[in-house]
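S.K.: Just need the structure, nothing else, for what follows:
(one chain, ligands or ions: 1)
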Amino acid sequence: MKLGIEGRQALVCGASMGLGFGCAQALAAEGVNVTLVARRAELLEQAAAEIRRASGAAVTAVACDITTVEGRALALAACPQPDILINNAGGPPPGDFRDWQRSDWIAALDANMLTPIELIKATVDGMIGRGFGRIVNITSSAVKAPIDILGLSNGARSGLTGFVAGVARKTVQHNVTINNLLPGPFDTARLNSTIAAGAKAAGKTEDEMREARRLQNPARRFGTVEEFGAMCAFLCSAHAGYLTGQNILLDGGAYPGTF
Ligand code: NAD
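M.R.: This next block holds a predicted model:
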């Protein structure tokens, strides 16, 4: 299937590695010009070079912290009129809610709720004016089934999900869709850090915890960034204009509900 998005402009946040990288790679493979954002310039340049080599697409790299006002200004200066916006940033740290101060909550809300909302606000009217827009927020399976040690994530991402549910119904008449992609366990640096935290809390080794997590999943494996990117690219495709306000779970079947 051709996705019909050749020549479109995409702003992809948190894209030097992991799920954001997978999304950028899949979009570039469809001929989308991508602007990649991440904090560490060296890693980001490597990622940009890899995508450029593989796809031949125009790839721009912007090293900044997307959770800051200055970072968002830099990203939008490099890609002022995105047709596609992938919202993503690092997830909040695990822990016990008794240890979290107001500043921990504000940081989680900034990264995982308010930054995506600010970027939607900055780009959605341009998309509406041009009659095409695709916004995908990378959230978490924790929105559907909370993960006890990730309370900051459960809370902040649920706030974004509620906001998106409303606004996604307002933009779709203009062929602008907003959806959330909910990763279960994907094999990335972030998964390694949650496995390390879980192992410490349970008094197990990281290898034991990793194996237990793998076997817990009905697929008996973790997802790959390529699988994640492929779903993201479809959501951004010309074919997905009737799909909006949805929370799409990619978790190997881990969520046990019928729906
Ligand atoms: P990752 O740590 O492998 O990659 C995160 C990427 O985002 C990196 O490129 C990093 O440089 C960038 N980044 C982080 N904070 C940033 C910031 N403030 N500004 C700009 N760039 C920033 O993580 P991942 O596994 O790809 O996860 C992506 C998102 O999905 C995270 O929010 C994570 O919590 C969530 N998630 C991941 C999993 C999983 O199993 N991997 C599961 C559920 C939710």
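
S.K.: how deep is the nearest residue in space to Leu76 that is not next to it in sequence tucked in, by neighbour count?
M.R.: In this structure, Leu76 finds its nearest non-sequential neighbour in Ala122, 5.8 Å apart by C-beta to C-beta, 6 or more residues apart in numbering. Any C-beta I mention is one placed from the backbone N, CA and C, and that applies to glycine too. A count of nearby residues for Ala122, using other C-beta atoms under 10 Å, gives 17.

S.K.: for Ala168, same thing?
M.R.: Ala168 has 20 neighbours, counted by other C-beta under 10 Å.

S.K.: Asn180 is in contact with that one, correct?
M.R.: No - under the criterion of C-beta atoms under 8 Å, Ala168 makes no contact with Asn180, lying 9.2 Å away.

S.K.: still on that earlier bit, pretty sure the residue nearest to Leu76 sits in a helix.
M.R.: Yes - applying DSSP: H, G, I helix; E, B strand; the rest coil, one finds Ala122 inside a helix.

S.K.: Just the pLDDT at Ala201, thanks.
M.R.: Ala201 is assigned 86 on the pLDDT scale.

S.K.: A helix includes it, no?
M.R.: Yes - under three-state DSSP, Ala201 falls within a helix.

S.K.: which residues touch it?
M.R.: Ile149 (C-beta atoms under 8 Å, 6 or more residues apart in numbering).

S.K.: I'd like to know how far it sits from the ligand.
M.R.: Per C-beta to the nearest ligand atom, to the nearest Å, Ala201 is found 17 Å from the ligand.

S.K.: How about Leu181?
M.R.: 9 Å.

S.K.: tell me the SS of that residue?
M.R.: Under three-state DSSP, Leu181 comes out as strand.

S.K.: Check what pLDDT it gets.
M.R.: According to the prediction, Leu181 has pLDDT 98.

S.K.: So it sits against Gln246, correct?
M.R.: No - counting by C-beta under 8 Å, Leu181 stays clear of Gln246, with 9.4 Å between them.

S.K.: Setting the sequence-adjacent residues aside, check what's closest to Ile84.
M.R.: Closest to Ile84 by C-beta to C-beta, 6+ apart is Ala10, at 3.8 Å.

S.K.: err, Gly198, not the other one
M.R.: Nearest residue to Gly198, sequence neighbours excluded (C-beta to C-beta, 6+ apart): Met209, at 5.3 Å.

S.K.: before we move on, the earlier item: for Leu181 and Gln246, indicate the residue with more neighbours.
M.R.: Leu181 (23 against 17).

S.K.: Roughly how far does that one sit from Ser140?
M.R.: 9 Å (C-beta to C-beta, to the nearest Å).

S.K.: For the residue nearest to Gly198, grab phi and psi.
M.R.: Torsion angles at Met209 (phi, psi; degrees, to the nearest 10) stand at phi -70, psi -40.
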